[in-house]
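Enquirer: when you get a sec, could you give me coordinates for this:
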Amino acid sequence: MDFSSGLPGGQNYLKTQQEEASVRPVLHLNSILILTNASLLHYPEATAYIIDILLFPQFKRLRRYIRRIRSKFMASMLRGAEYDTPLNFEDEWAKIHGIVLALITQERVTQLEWQDLFLAVYKIHSWVEDGKKKLHSAIDYNVKEYVRMARERINCHIERGDQALLRAYIHEWTKFYQQTAILPLPFMAIDPETAPPAPLPPGSETRTPKQYRSKTVREEMLETWKKVVFQHISLKLLSAALRLVEAERNGEAVDARLVIGVRESWVALYDQRDCYYEDVLEQYRKHFEREFVEETVAYYKKRAAQYLAENGVINYMSYADRMLDEEEQRARKYLNPNPESVSRLVESCVQVLVVEFEDQILAECPSLIAKNDVEKLRMMYRLIKRTPSGIEVVLKAVDNHIRSEGLDDMKENAMTITTDPEKYISQLLSMFDRFSTLVKEGFYDDARLLTARDKAFRALVNDTTIFRMELPLGKKSRNTAVESKCPELLANYCDLLLRKTQLSKKLTSEEIDAKLNNLECGMPAEHVNKLFRMLQDIEVNKDLNSSFKKSLVGTNNNRTLSDLINIKILNGGAWGRGGVGAERVRVSLPRELEEFVPEVG
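Expert: So this is what the prediction gives:
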């Protein structure tokens, strides 16, 4: 069937569109869709399904181009059809009013009604004076009526408790929000075509006044919901959601979807930019996130000090560590999914749970280190590492512990280790392993703690309290300088290690003869002679190459090429791959080399 017969220009018009599609392969589908839409009046049974394609997400990028040109096709089509007089808006709107109401209330709409709605919008937009404005007004009126009824249904649950109110709101909001993605599709032709101005980068000094544009149908729907419903009960919704979160903190079971739904509603409603230089999440942060954080801080301020007084510092550390983990998970669940929101809540919790009681927590650090209580040290470390300066106190405590405990261990074994280098080194290694285990298991091998361990252990090794020797300052001086005896003990220990090796033993003449015999069996004289000839060839070839390069420079006056050549003349008996009858290899010199070596003897 020739679909082009119903179009202005017939086959020539179709050919023009096909040529445009060949130039723009990405828009080839657009041309087909437009031609099909233009022939709807003539062949609806053949093209009825095409409009449904516009709903597919993968064609979102094509809609703007389609929207710009399809009105022209519809106008030209209608001018040549039966509509020779201007259309009346009330008559045309009456035909589709029921379909629009069915879409708003999520009632069943047939495929034919859905297609008729597209065509009616095109006709009104093209032929009715101020059709675009009248369509916007009519849609806005019907949406407002529906939203007012939704508000009344929600208000009926205000006195029934927080969960009843939130469930009613989330139910109505979810239904309405789903329709904001469906109802605007037939009205894309009346949406503004110009994109909003791009926001200036943060901190720009050349900001212009607020810039506005007319809203799309979807934006008008969301704006209506915000003004009619949300702004009147937003504080009640927020308070109810925060009370649910507090109930969850107290161990009660709550429906997390209710709190999440309020947050999603807040973000979606304020995501429409009245001013395109305003952060779309600013209203969410000013109200929902800020109230959430403030309520969290107030909750723990009431309980933290009391818990510490009743249960002690150790139990409080366990409580604070557990609460911080829970609040971080709660932030990821209830706040907008971005790292900044989570970080703001966690930092506020750290301030009220850890920083305000930092001195009491750090006071337990030396005793926990002395007891080697790695479980509680890990818990304390997880808390203190979040504070700005608490880790410095931990570093000092670890340093003092290593110095004092190490020195005490040395004093206990002073009589033995001062005279026995082997026991001294064993003592040092034992202490180093013990302190390393403390840092690894108690502080997760924090690099700062490892550095503190190394510094403290260095000071311990160089300490002169036990290991000391007095050295004269000069030949004639009677004054002496105190030095650590550790270097001398280390040197003696190394000497002991070397004496234990096989090389340190003195061999008898019989043992020497046996080793020489083993060497002769392992490498016979024939192999030794061959190795000697190979080394001799290498030395001889150095002189030959030097003379050869000098002759090339004198003959060809080309030093660069002569440096690239390195020829070795080797003894076949020493370098050969086999004896008599070994395979002989024929060598062909490259053309470049033949210019320098005209004859090979």
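Enquirer: skipping adjacent residues, who's closest to Asp255 in space?
Expert: Sequence neighbours aside, Gln163 is the residue nearest to Asp255 in space, at 6.9 Å (criterion: C-beta to C-beta, 6 or more residues apart in numbering). From N, CA and C alone the C-beta is placed, and that goes for glycine too.
Enquirer: also Val346?
Expert: Nearest non-adjacent residue to Val346, counting by C-beta to C-beta, 6+ apart: Glu328, 5.4 Å away.
Enquirer: who are the neighbours in contact with that neighbour?
Expert: By C-beta atoms under 8 Å, 6 or more residues apart in numbering, Glu328 lies in contact with 342, 345-346.
Enquirer: before we move on, what about Asp255?
Expert: Shown in contact with Asp255 (C-beta under 8 Å, 6+ apart): 163, 167, 244.
Enquirer: neighbour-wise, which one of these leads?
Expert: Most neighbours among the contacts of Asp255, by other C-beta atoms under 10 Å: Leu244, with 21 neighbours.
Enquirer: tell me which element that one is part of?
Expert: Assigning secondary structure by DSSP states H and E places Leu244 in helix 231-249.
Enquirer: got the contact list for whatever helix or strand comes next after that helix?
Expert: Note on helix 231-249: by DSSP H and E, the next helix or strand toward the C-terminus is helix 256-269. Applying C-beta under 8 Å, 6+ apart, the contact partners of helix 256-269 are 163, 166-167, 169-170, 173-174, 177, 222, 225-226, 230, 234, 237-238, 241, 244-245, 248, 281, 283-284, 287-288, 333-336.
Enquirer: which members of those are classed as buried?
Expert: Buried members of the contacts of helix 256-269, scored by 16 or more other C-beta atoms under 10 Å, are 163, 166-167, 169-170, 173, 177, 222, 225-226, 230, 234, 237-238, 241, 244-245, 248, 281, 283-284, 288, 334-336.
Enquirer: quick one: Leu507 and Lys515 touch, right?
Expert: Yes. Leu507 is within contact range of Lys515, at 7.4 Å (criterion: C-beta atoms under 8 Å).
Enquirer: tell me how far Glu405 lies from Ile466.
Expert: 14 Å (C-beta to C-beta, to the nearest Å).
Enquirer: the more surrounded of these two?
Expert: Taking Glu405 and Ile466 together and counting by other C-beta under 10 Å, Glu405 has the greater number of neighbours (18 against 15).
Enquirer: and that one, what element?
Expert: Assigned by DSSP H and E, Glu405 belongs to helix 390-412.
Enquirer: after that helix comes which helix or strand?
Expert: Helix 390-412 is succeeded, C-terminally, by helix 414-417 (DSSP H and E).
Enquirer: that following helix - contacts with which helices or strands?
Expert: helix 421-443 (3 or more C-beta pairs under 8 Å, 6 or more residues apart in numbering; DSSP states H and E).
Enquirer: list the buried residues of the helix it packs on.
Expert: Within helix 421-443, the residues that qualify as buried are 421, 424-425, 427-428, 431-432, 435, 438-439, 442-443, counting by 16+ other C-beta under 10 Å.
Enquirer: returning to what we had before: so how far is Gly251 from the residue nearest to Asp255?
Expert: From Gln163 across to Gly251, the span is 17 Å (C-beta to C-beta).
Enquirer: now do Cys349
Expert: Distance from Cys349 to Gly251, by C-beta to C-beta: 18 Å.
Enquirer: of those two, give the one with the bigger neighbour count.
Expert: More crowded of Cys349 and Gly251, by other C-beta under 10 Å: Cys349, with 25 against 6.
Enquirer: got the CA positions of the helix or strand that contains the more buried one in CSV?
Expert: Taking DSSP H and E as the criterion, Cys349 maps to helix 339-353. Written as CSV, here are the backbone C-alpha positions of helix 339-353 (Å, rounded to 0.1, in the frame of the first residue of the first chain):
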residue,chain,number,x,y,z
PRO,A,339,28.4,10.4,50.2
GLU,A,340,27.9,14.0,51.4
SER,A,341,24.6,13.3,53.1
VAL,A,342,26.0,10.2,54.9
SER,A,343,29.2,12.0,55.9
ARG,A,344,27.3,14.9,57.4
LEU,A,345,25.2,12.7,59.6
VAL,A,346,28.2,10.5,60.7
GLU,A,347,30.3,13.6,61.6
SER,A,348,27.5,15.0,63.7
CYS,A,349,27.2,11.6,65.5
VAL,A,350,30.9,11.5,66.1
GLN,A,351,30.8,15.0,67.6
VAL,A,352,28.1,14.1,70.1
LEU,A,353,29.1,10.5,70.9
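Enquirer: tell me the helix or strand right after the one helix or strand the residue nearest to Asp255 maps to.
Expert: Here Gln163 sits within helix 162-179, counting by DSSP H and E. Of the helices and strands lying after helix 162-179 in sequence (DSSP H and E), the nearest is helix 217-225.
Enquirer: can you list the domains in the protein?
Expert: Here the domain parsing of the chain from automatic domain parsing is 3-193+213-249+258-265, 389-501, 514-594.
Enquirer: lowest-confidence stretch among those?
Expert: Mean pLDDT per stretch puts domain 514-594 lowest among the domains of the chain, at a mean of 70.
Enquirer: how about the strands in the stretch 51-200 of the chain?
Expert: Remark: no strands are assigned in the stretch 51-200 of the chain by DSSP state E, counting those that start in this stretch.
Enquirer: show me the contacts for Tyr334.
Expert: With the criterion set at C-beta under 8 Å, 6+ apart, Tyr334 makes contact with 245, 256, 259-260, 263, 292.
Enquirer: I should have written Ala247 there, sorry.
Expert: Per C-beta under 8 Å, 6+ apart, neighbours of Ala247: Val254.
Enquirer: all set now, cheers.
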